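Participant: Here is a sequence with its predicted model. Questions after.
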Amino acid sequence: MPEKLEKELNDALDFAMQFMKEVTGKAASQEELARALKKYFVLNEIKAYIEMERNS
């Protein structure tokens, strides 16, 4: 695991936090986002998306 996140991943995390702000009026905290990313449903969606991208 890299010690420093790549720019693309940092940008994606910022995007997710700002998305929450746009749809709820309050940005997600880092802790909230971290908990959400560890949920099975979210992980399964990420897996499915990556597999789809790899196979297209």
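Facilitator: Cool, got the structure. Numbers count the residues shown, from 1 in each chain.

Participant: Next up, phi/psi of residue 28, please.
Facilitator: phi -70, psi 140 (degrees, to the nearest 10).

Participant: so who does the most centrally placed residue in the chain touch?
Facilitator: Nearest residue to the geometric centre of the chain (Cα atoms, centre = their mean): residue 13, 5.3 Å. Residue 13 is in contact with 5, 33, counting by Cβ atoms under 8 Å, 6 or more residues apart in numbering. Every C-beta, even on glycine, is put in place using the N, C-alpha and C of the backbone.

Participant: Report the buried residues of the longest helix belonging to the chain.
Facilitator: Taking DSSP state H as the criterion, the chain has its longest helix at helix 7-24. Within helix 7-24, the residues scored as buried using 16 or more other Cβ atoms under 10 Å are 13, 17, 20.

Participant: Tell me how far the residue nearest to the centre of the chain lies from residue 28.
Facilitator: As judged by Cβ to Cβ, to the nearest Å, residue 13 and residue 28 stand 9 Å apart.

Participant: re earlier: from the buried residues of helix 7-24, pick the one nearest residue 5.
Facilitator: Proximity of the buried residues of helix 7-24 to residue 5 (Cβ to Cβ) peaks at residue 13, which lies at 7.8 Å.

Participant: pLDDT score assigned to the residue nearest to the centre of the chain?
Facilitator: pLDDT recorded at residue 13 is 92.

Participant: what's the answer for residue 8, then?
Facilitator: 94.

Participant: ditto for residue 19
Facilitator: 95.
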